[in-house]
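Chemist: Sequence isn't available, so here's the structure alone:
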């Protein structure tokens, strides 16, 4: 009989040390922002306080309120209808409601800019139906406003609220609703008095994610002429060449993000008391809608995916069909190659780091390991423009120190090895999406009994041997899913990429951005379609999860 090997004391310490290094690498950009903001010159601060921050903060607050209102109404209404009511096409619409997750906000803004343009489909249809010729003779929506930007962002971000709210409505099952109905409450009263209050923590989580994504956006707000705090960072850094001023504005946004992270964590904690075990499809008694209510439910659930996915995809696909020859253009192939390289790099780095963090919690679960996990997860809420500043500062400092050393020793400058290459994009993306990778890996570990590890150890395997021979093969699906999701999200990422990319280095996202900035949306259609198709992959994953909960 083979005796179990005793774990070496150094194994656990080495694992915790590695987890701490990952957490430090994840928070290093945040530390860099605070350092440059506080150590830099405050000469521009009076100008920022008087002219930039108040206007940008007001615009940002207005945009956030309108986006939250849009996503709250849309997400909660559709979540309640699809989880508690029965009407035609409910299953199909449930899946369709998730499709806007595949549409980046900047692509939606470019598409709706064309859709509402004078020569676009909407105004052309108005002129054809009414016989009018001048735009002054009729009214059409102006998408280039704060409200227009809120519509665009809300149309692609409402799935965050839809998914969290629907999950909670399903977790409530039929018990709470049926008890309320036996006491004489109708469906709407049951919703407002019972189901909605119970789902409030989940809705807060969804709205917090919506706010973080809105703060992260740069492409849509710039194209639509809405000057938010994020755009002010971009403008202060590049147009005014004031990195310290940009970092000081970024510090203001960091304070907002920290508050949002605190609210989100508190809301997630309260979800444990807001519902019981998830209800199965057989455990949910849906209300069969009749008459006009059936048609109204179909319309309410069909309009969000129409605005959030189908119209933008139709506009971009319409342009792309006329430009099929550009699919083989050197510029597009180069951007596609760069996208694959940086996305694959970010996926590998984030997945390995996420695996290390999740494994350190599984084997130890100490306060130190959990603290490292919590610090590493903070990067997801940091807007891309803020992350770009935080990444550039330490990488540039390393490059400058290395160049000085090589020049003094060998008389040759090493150049910009890190800050002047795609490594900066990989680093920023890996930090931003580390939470996504760690979450998927941790979910995979949760499905594996801890007894597997001990069984392998009793058969003579070391901790490394148990990991290599037992856990890794079983964790392959979760690990590959984590890498795939990070790959897709990095390929769509614009905010950090547009600021960190080297000279003459385009990804698909920055190529689309450049063409749209020159008002050549048609030229941006082909890379846009590629991004949309890639974005459908994680949506398919989410749709399969929805199928299990139908």
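Modeler: Yep, it's here. Computed from a predicted structure; not experimentally measured. Numbering: from 1, shown residues only.

Chemist: Excluding residues flanking it in the chain, which one is nearest the spatially most central residue of the chain?
Modeler: Centroid-nearest residue in the chain: residue 213, 6.1 Å away (criterion: Cα atoms, centre = their mean). Leaving aside its chain neighbours, residue 213 sits nearest to residue 157 (5.5 Å; criterion: Cβ to Cβ, 6 or more residues apart in numbering). C-beta coordinates here come from the backbone N, C-alpha and C atoms, glycine included.

Chemist: can I assume residue 386 is in contact with residue 255?
Modeler: No: counting by Cβ atoms under 8 Å, residue 386 sits too far from residue 255 to count as a contact (11.1 Å).

Chemist: More neighbours: these two, which one.
Modeler: Of the pair residue 386 and residue 255, residue 386 is the one with more neighbours under other Cβ atoms under 10 Å, namely 29 against 10.

Chemist: isn't there a helix covering the residue nearest to residue 213?
Modeler: Yes: Residue 157 forms part of a helix when assessed by DSSP: H, G, I helix; E, B strand; the rest coil.

Chemist: Could you check how far it is from residue 528?
Modeler: 18 Å (Cβ to Cβ, to the nearest Å).

Chemist: And for residue 136?
Modeler: From residue 136 to residue 528 the distance is 32 Å (Cβ to Cβ).

Chemist: between the two, which one's more packed in?
Modeler: Remark: of residue 136 and residue 528, residue 528 carries more neighbours, 30 against 7, as counted by other Cβ under 10 Å.

Chemist: can you tell me which helix or strand that one belongs to?
Modeler: helix 525-548 (DSSP states H and E).

Chemist: Remind me what that helix packs against, helices and strands.
Modeler: helix 90-96, helix 105-115, helix 311-321, helix 330-362, helix 472-492, helix 508-517 (3 or more Cβ pairs under 8 Å, 6 or more residues apart in numbering; DSSP states H and E).

Chemist: That one: which residues count as buried?
Modeler: Neighbour-count burial for helix 525-548, counted by 16 or more other Cβ atoms under 10 Å, picks out 525-532, 534-536, 538-539, 542-543, 546.

Chemist: for the stretch 201-350 of the chain, which spans come out with low pLDDT?
Modeler: Residue ranges of the stretch 201-350 of the chain with pLDDT under 70: 264-265, 267-285.

Chemist: That one: helices as residue ranges?
Modeler: 219-223, 229-234, 243-271, 292-305, 311-321, 330-362 (DSSP state H, counting those that start in this stretch).

Chemist: Can you name the element that comes right after the last one?
Modeler: Past helix 330-362, heading to the C-terminal end, the next element that is a helix or strand (DSSP H and E) is helix 367-376.

Chemist: for the protein, what helix or strand is lowest in average pLDDT?
Modeler: Sorting the helices and strands of the chain by mean pLDDT, DSSP states H and E puts helix 175-182 at the bottom, at a mean of 60.

Chemist: re earlier: out of the helices and strands packed on helix 525-548, which is closest to residue 438?
Modeler: Nearest to residue 438 among the helices and strands packed on helix 525-548 is helix 330-362; the distance by Cβ to Cβ comes to 3.5 Å.

Chemist: Show me what that closest one is packed up against.
Modeler: helix 9-39, helix 367-376, helix 423-432, helix 434-446, helix 472-492, helix 508-517, helix 525-548.

Chemist: quick one: that helix to chain centroid distance?
Modeler: 15 Å (Cα atoms, centre = their mean, to the nearest Å).

Chemist: And it, what's buried?
Modeler: 332, 335-336, 338-339, 342-362.

Chemist: swap in stretch 390-405?
Modeler: Applying 16+ other Cβ under 10 Å to stretch 390-405 flags 390-396, 399, 402-403 as buried.

Chemist: got these as JSON lines, with distance to residue 64, secondary structure and pLDDT columns?
Modeler: Output for the buried residues of stretch 390-405, formatted as JSON lines (distance: Cβ to Cβ, whole Å; DSSP: H, G, I helix; E, B strand; the rest coil; pLDDT from 0 to 100):
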{"residue": "390", "distance to residue 64": "22", "secondary structure": "helix", "pLDDT": "89"}
{"residue": "391", "distance to residue 64": "25", "secondary structure": "helix", "pLDDT": "91"}
{"residue": "392", "distance to residue 64": "27", "secondary structure": "helix", "pLDDT": "89"}
{"residue": "393", "distance to residue 64": "28", "secondary structure": "helix", "pLDDT": "88"}
{"residue": "394", "distance to residue 64": "30", "secondary structure": "helix", "pLDDT": "90"}
{"residue": "395", "distance to residue 64": "31", "secondary structure": "helix", "pLDDT": "91"}
{"residue": "396", "distance to residue 64": "32", "secondary structure": "helix", "pLDDT": "89"}
{"residue": "399", "distance to residue 64": "37", "secondary structure": "helix", "pLDDT": "87"}
{"residue": "402", "distance to residue 64": "42", "secondary structure": "helix", "pLDDT": "88"}
{"residue": "403", "distance to residue 64": "42", "secondary structure": "helix", "pLDDT": "87"}
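
Chemist: Can you redo these as JSON lines, where the extra columns are distance to residue 251?
Modeler: Compiled in JSON lines, the buried residues of stretch 390-405 are given as follows (distance: Cβ to Cβ, whole Å):
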{"residue": "390", "distance to residue 251": "11"}
{"residue": "391", "distance to residue 251": "16"}
{"residue": "392", "distance to residue 251": "15"}
{"residue": "393", "distance to residue 251": "13"}
{"residue": "394", "distance to residue 251": "16"}
{"residue": "395", "distance to residue 251": "19"}
{"residue": "396", "distance to residue 251": "19"}
{"residue": "399", "distance to residue 251": "24"}
{"residue": "402", "distance to residue 251": "28"}
{"residue": "403", "distance to residue 251": "29"}
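
Chemist: Between the residues you listed, which sits nearest residue 432?
Modeler: Nearest to residue 432 among the buried residues of stretch 390-405, with distances taken as Cβ to Cβ, is residue 391, at 9.7 Å.

Chemist: Correct me if wrong: that closest one contacts residue 429.
Modeler: No: counting by Cβ under 8 Å, residue 391 does not reach residue 429; the two are 9.6 Å apart.

Chemist: and for these two, which residues touch both?
Modeler: Residues touching both residue 391 and residue 429 (Cβ atoms under 8 Å, 6 or more residues apart in numbering) are residue 496.

Chemist: Roughly how far does residue 167 sit from residue 542?
Modeler: 11 Å.

Chemist: Residue 57 - how many residues pack around it?
Modeler: Neighbour number of residue 57 under other Cβ under 10 Å is 17.

Chemist: Same check on residue 238?
Modeler: 13.

Chemist: Can you tell me the closest non-neighbouring residue to it?
Modeler: Here the residue nearest residue 238, using Cβ to Cβ, 6+ apart, is residue 499, at 7.6 Å.
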